[in-house]
Structure formats: C-alpha cells, structure tokens
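Student: have a look; sequence and predicted model below, questions after that.
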Amino acid sequence: MGKGFSSTSNNGSSSIIRKVLLSYLYVSIWIFLSFTVIVFNKYILDRKMYDWPYPISLTMIHMGFCSTLAFLLVRVFKLVEPIGMSREMYMSSVVPIGALYSLSLWLSNSAYIYLSVSFIQMLKALMPVAVYSISVLMKREGFKSETMVNMVCISVGVAIAAYGEALFNMWGVILQLGAVAFEATRLVLIQILLTSKGISLNPITSLYYVAPCCFLFLSIPWTIVEYPTLRATSSFNFDFVVFGTNSACAFALNLAVFLLIGKTSALTMNVAGVVKDWLLIAFSWSVIKDRVTTINLLGYGLAFLAVCYYNHCKLQALKAKEAQKKSVEQDEEVGRLLEHAGDRDEDLHGRKLDAQA
C-alpha cells in the first residue's frame with residue numbers, strides 16, 4: 001500500500017514538473033518570436049540599418065502573407081475548420097476589429113522609424129492604462145479608485161521615462177500612443193463583438209477572417225502615401241529572403257500567442273511580456289547601441305512595478321472568482337444530494353404507511 005501511495009505521489013510530482021517545464025517552453029517560444037519580430041521590423045524600417053521606411057507596405061506584406069497561408073490551411077489543407085459566420089456578422093464584428101488592427105500595426109511599425117526599440121517598449125507599458133480606461137468608458141468594467149491610482153502610477157512612470165529619453169521625437173511618441181489606443185480599443189471590442197457572442201477564433205481562423213480585411217484597409221493609405229514614392233524608386237528590388245523571413249516570423253508569432261494563451265493563460269502572457277520588455281531594453285542598449293539614460297530606467301522601473309502590481313491584483317481576482325465558482329458548484333451538489341436524500345426518505349415513509357395499512 002505504501003509503495004502504491006509513493007508511486008502515485010511520484011507520478012503527480014512528475015506531472016506537475018512536466019506542466020511547469022512546458023509552460024516555460026511556451027513562454028520562451030513566444031518571447032523569442034516576439035523579440036525577433038520587433039528587432040526584425042526595426043532593422044527593416046530604420047534608416048540607419050536596412051533603410052526601407054515604408055511601414056504601410058511592410059504591414060501589407062505581413063497581412064498578404066498571413067492571409068494566403070491561413071487560406072491554404074483552412075480551405076486547401078483543411079487543417080482548421082472555419083466557423084459559421086454570416087455576412088452581417090462579418091461586417092458588424094470582424095470589419096471594425098480589422099480596421100483597428102490595421103491602424104494599430106501601421107502606427108506601431110511607423111514608430112520604429114523615429115524611436116528606439118527600448119523607448120517604444122517603455123511606451124507600451126501604457127497598454128493596461130488604455131485597456132482599463134476604454135473598458136470603463138464602454139461600461140465593460142466598473143470604475144475602481146484603487147485601480148485608477150495604479151493606472152496613474154504607470155502613466156507617471158512612463159512620463160518620467162519619456163522625460164529622460166535621449167532621442168525624444170514627438171511625432172514618434174504620437175504614433176506609438178496612437179497604436180496603443182487602437183490596440184486597446186481592439187482588445188475591448190473583441191470582448192464585446194466576439195467573445196460575448198460565443199465566437200472564439202484561434203490564430204489561424206483569426207488571420208483567415210481578419211488579415212484580408214486589414215490588407216484592404218491598409219491599401220487605401222498605401223495608395224496615397226507610399227505607392228507614389230515606391231513607384232518613383234525604380235532602383236528598388238524586392239528582397240524575397242528578407243521580407244519572406246520577416247513575414248514567416250510574424251505568422252509564427254500569431255501561432256505562439258495562441259499556444260501560450262491556450263496552454264497557460266492571458267495573464268501569463270502579460271507577465272512574460274514584462275520580461276520580454278526588459279530583455280529588449282537590454283538588447284537595444286548593448287547590441288543596437290541605443291542610448292538608455294538613468295532617468296529612462298527609473299521611470300520605466302516605476303511603471304514596471306505598477307504593471308506587476310496590476311497583474312498581481314488581476315491574478316488574485318481570478319483566484320477569488322474561481323474559488324467562488326467552486327463554492328457555488330459544491331453548494332449545488334450538496335443541494336442535489338439533500339434533495340435526493342429527501343426524496344428517498346419520503347419514499348421509505350410511504351412504503352411504511354402502505355405496510356401498516
């Protein structure tokens with residue numbers, strides 16, 4: 001009996017260790033791919049590196065590549081089943097999300113022309129502030145003074161980091177803040193337009209429905225802003241190796257997001273994102289030779305601590321919600337057992353009365 005208990009205990013420990021190791025693997029894959037895409041995009045768009053400052057074109061290449069690959073996987077190879085979506089549902093739900101996604105990608109890629117990788121990551125710390133503020137405005141979340149204090153701390157930290165930025169560029173900051181605002185709105189709308197209606201999209205079906213929409217939206221500003229310049233640059237030769245590899249990394253990143261959230265949680269991704277940001281800051285300082293000042297680090301350190309506290313509060317709230325759910329389920333189970341016992345007692349009482357009669 002002792003051996004059996006020991007064997008069960010060892011199996012349980014092995015299962016936990018395996019689960020933890022897999023979680024670390026998923027986090028590592030996502031961090032690596034996210035890191036690669038960010039640095040790769042910076043390399044292509046920066047005038048001091050590859051010198052191809054056409055963010056709309058780069059984003060369209062990504063969307064065209066992802067659309068094609070998603071179509072092949074869904075329609076040709078049938079590896080993923082498309083969901084039943086009416087034209088009305090597509091126009092009312094997917095199109096607004098696609099429009100916001102295209103704007104977010106366009107502006108965030110444009111910021112790489114004007115700002116350093118390290119400073120962009122510092123500005124991205126404002127994402128929880130934007131998501132919470134938009135959620136409150138759209139009445140998806142209630143206003144809480146303690147949460148708002150936390151949001152103010154994040155904002156102050158980012159403001160200090162911006163004050164200490166050696167190569168501050170107002171236009172680049174406006175572009176990145178716009179990207180954060182559009183991305184936050186997209187995330188909230190996904191909850192309103194898709195999740196609340198029971199529609200769940202994995203990365204392949206997301207790209208299958210959203211990427212073509214993004215491509216079409218981006219083609220409008222591309223025709224006006226970048227196409228005339230590209231047409232005049234007759235000496236430019238499309239580098240299939242560089243842009244093909246870059247697009248493949250972008251597609252793989254979408255799959256990694258699904259893998260990470262599906263096997264762990266969105267909260268794990270938020271925590272991993274903080275680790276990724278510090279790695280990118282260290283990389284941009286040591287390898288790309290971006291200038292990172294002491295004030296930069298102090299400001300981002302404050303924002304970092306506030307984001308960590310925000311994630312901690314979210315984790316505690318999720319645990320409390322899960323405990324409440326389990327408590328309700330246990331109460332319902334006890335109620336069913338008592339009801340069953342009561343029916344059985346009534347049945348026995350009825351039999352006794354029949355026997356006495």
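Tutor: All right, it came through fine. Numbering: from 1, shown residues only.

Student: quick check: which element contains the nearest residue to residue 85 once chain neighbours are set aside?
Tutor: Leaving out its chain neighbours, the residue that sits closest to residue 85 by CB to CB, 6 or more residues apart in numbering is residue 209, at 7.0 Å. Any C-beta I mention is one placed from the backbone N, CA and C, and that applies to glycine too. According to DSSP states H and E, residue 209 maps onto helix 203-225.

Student: output the contacting helices and strands for that helix.
Tutor: Helices and strands touching helix 203-225, by 3 or more CB pairs under 8 Å, 6 or more residues apart in numbering; DSSP states H and E, are helix 55-71, helix 95-114, helix 240-263.

Student: can we see that at 10 Å?
Tutor: Using 3 or more CB pairs under 10 Å, 6 or more residues apart in numbering; DSSP states H and E as the contact criterion, the secondary-structure elements in contact with helix 203-225 are helix 55-71, helix 95-114, helix 227-232, helix 240-263.

Student: and that helix, how far from the chain's centre?
Tutor: Between the centre of helix 203-225 and the centre of its chain there are 18 Å (CA atoms, centre = their mean, to the nearest Å).

Student: and it, which residues are buried?
Tutor: Using 16 or more other CB atoms under 10 Å as the burial criterion, the residues of helix 203-225 that qualify are 203-218, 222.

Student: surely residue 309 and residue 157 touch.
Tutor: No: with contact taken as CB atoms under 10 Å, residue 309 and residue 157 are classed as non-touching, separated by 11.6 Å.

Student: compare these two (neighbour count), which wins?
Tutor: Higher neighbour count among residue 309 and residue 157: residue 157, with 23 against 13, using other CB atoms under 10 Å.

Student: not counting its neighbours along the chain, what's nearest that one?
Tutor: Ranked by CB to CB, 6+ apart and with sequence neighbours excluded, the top spatial neighbour of residue 157 is residue 303, at 3.0 Å.

Student: for the helices and strands packed on helix 203-225, give me CSV that also has mean neighbour count.
Tutor: Formatted as CSV, the helices and strands packed on helix 203-225 follow (neighbours: other CB atoms under 10 Å):
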stretch, mean neighbour count
helix 55-71, 22
helix 95-114, 22
helix 227-232, 11
helix 240-263, 17
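
Student: those: which one's closest to residue 187?
Tutor: Closest to residue 187 of the helices and strands packed on helix 203-225, according to CB to CB: helix 95-114, at 9.1 Å.

Student: quick one: average pLDDT of the helix or strand just after that closest one?
Tutor: Beyond helix 95-114 on the C-terminal side, the first helix or strand identified by DSSP H and E is helix 117-123. Averaged across helix 117-123, pLDDT comes to 94.

Student: so what pLDDT did the residue nearest to residue 157 get?
Tutor: On pLDDT, residue 303 comes in at 94.

Student: can you check residue 343 too?
Tutor: pLDDT, the model's per-residue confidence, is 62 for residue 343.

Student: low-confidence ranges in this structure?
Tutor: 1-13, 234-236, 262, 265-266, 331, 334-335, 337-357 (pLDDT under 70).

Student: let's see it at 50
Tutor: Low-confidence regions of the chain, defined here as pLDDT under 50, do not occur.

Student: now stretch 70-77, how far from the chain's geometric center?
Tutor: Averaging C-alpha coordinates over stretch 70-77 and over its chain gives two centres that are 24 Å apart (CA atoms, centre = their mean).

Student: quick one, what contacts residue 107?
Tutor: Residues near residue 107 by CB atoms under 10 Å, 6 or more residues apart in numbering: 55, 59, 174, 175, 176, 177, 178, 179, 180, 181, 182, 183.

Student: which strand or helix spans the fourth one?
Tutor: Following DSSP H and E, the helix or strand that holds residue 175 is helix 170-189.

Student: in that helix, what's buried?
Tutor: Counting neighbours by 16+ other CB under 10 Å, one finds that the buried residues in helix 170-189 are 172-173, 175-189.

Student: quick one, that helix and helix 95-114 angle?
Tutor: 150 degrees (axes from the mean of the first three to the mean of the last three CA atoms, to 10 degrees).
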